[in-house]
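Undergrad: Sequence isn't available, so here's the structure alone:
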Ligand SMILES: [Fe+2]
């Protein structure tokens, strides 16, 4: 069974130099096991440097998807250009969507898409909650109002969902267990069942309905495949079995305390 190191929502721009050094030391200790990062690594201006430092410490392939924060103080287009250029210069650092289907062993494959919260759960136009995405990501910030900002987020979410549909079919031809990395939890059930984040006001900001629909549809039509989703974004640990062959795990995270865990798929 393949082993991975999994980190999510590292938010390295919020971590002290000592906390980053502890993370790098942990990575050096378990070197050679591939590292998977499910978004919110840092912010656009420093993202490439942070990825290089992580990969150097991990001394292993680094696969990642982008989180909403990774575009802060930049743009979606600019960050995508930067990570594609980085993968050319450093082939061990791969943004997952363009990496395609990554075989982990004879029966297990890894795919990934970023995923965007798309307001398909809860009411995105009346929730009192707003993420900094609306101010700090160029493509969204330049939109004049809530409705047009939502349209951009939905377009991003739908494009990722379309890509996920294609990647799932390609992976299904190669593997019986498909590991799906994504930043935004694809299903409401992957949010905490109680407490602040369970409130419906959060749903538009914390769930990607688009990727959730694709995953449910694929899993229900491929009963002989196991789909195992790894996500972040909410910072609230969850491990839920949505269907007999669809499991979703969300990583715990805390600002200022970046960490990595070992998992077996
Ligand atoms: Fe996030």
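TA: Alright, I've got the coordinates. Since we're looking at a predicted model, the values are computed, not measured.
Undergrad: Centroid-nearest residue for the protein?
TA: Geometric centre of the chain, nearest residue: residue 183, 2.1 Å, by Cα atoms, centre = their mean.
Undergrad: Distance of the nearest residue to that residue once chain neighbours are set aside relative to residue 180?
TA: Nearest non-adjacent residue to residue 183, counting by Cβ to Cβ, 6 or more residues apart in numbering: residue 39, 3.2 Å away. Heads up, the C-betas are built off the backbone N, CA and C, glycines and all. According to Cβ to Cβ, to the nearest Å, residue 39 stands 13 Å off from residue 180.
Undergrad: Have a look at the two and say which one is more surrounded.
TA: Neighbours around residue 39 and residue 180, counted as other Cβ atoms under 10 Å, are more numerous at residue 180. The numbers are 29 against 26.
Undergrad: Run through the residues that contact the more buried one.
TA: Neighbour list for residue 180: 111, 112, 113, 164, 168, 215, 227, 228, 229, 230 [criterion: Cβ atoms under 8 Å, 6 or more residues apart in numbering].
Undergrad: Report the strands that pair with the helix or strand where it lies, each with its relative direction.
TA: Here residue 180 is covered by strand 177-181, with elements defined by DSSP states H and E. Strands that pair with strand 177-181, judged by DSSP bridges, come out as strand 108-112 (parallel), strand 226-231 (parallel).
Undergrad: Show the subsequent helix or strand relative to it.
TA: Downstream of strand 177-181, the first helix or strand assigned by DSSP H and E is helix 203-206.
Undergrad: From residue 119, how far off is the residue of the chain most remote from its centre?
TA: Of all residues in the chain, residue 144 has its C-alpha farthest from the mean position, at 27.4 Å, by Cα atoms, centre = their mean. Applying Cβ to Cβ, the value for residue 144 to residue 119 is 17 Å.
Undergrad: if I pick the residue nearest to residue 129 when sequence neighbours are not counted, what's in contact with it?
TA: In space, and not counting its chain neighbours, residue 129 is closest to residue 201: 5.4 Å by Cβ to Cβ, 6+ apart. Contacts of residue 201 were listed using Cβ under 8 Å, 6+ apart, and they are 122, 127, 128, 129.
Undergrad: Grab the two from those residues that are most spread out in space.
TA: 122 and 128 (11.4 Å; Cβ to Cβ).
Undergrad: Which one of those two is surrounded by more residues?
TA: Shown here are residue 122 and residue 128; by other Cβ under 10 Å, residue 122 has more neighbours (20 against 5).
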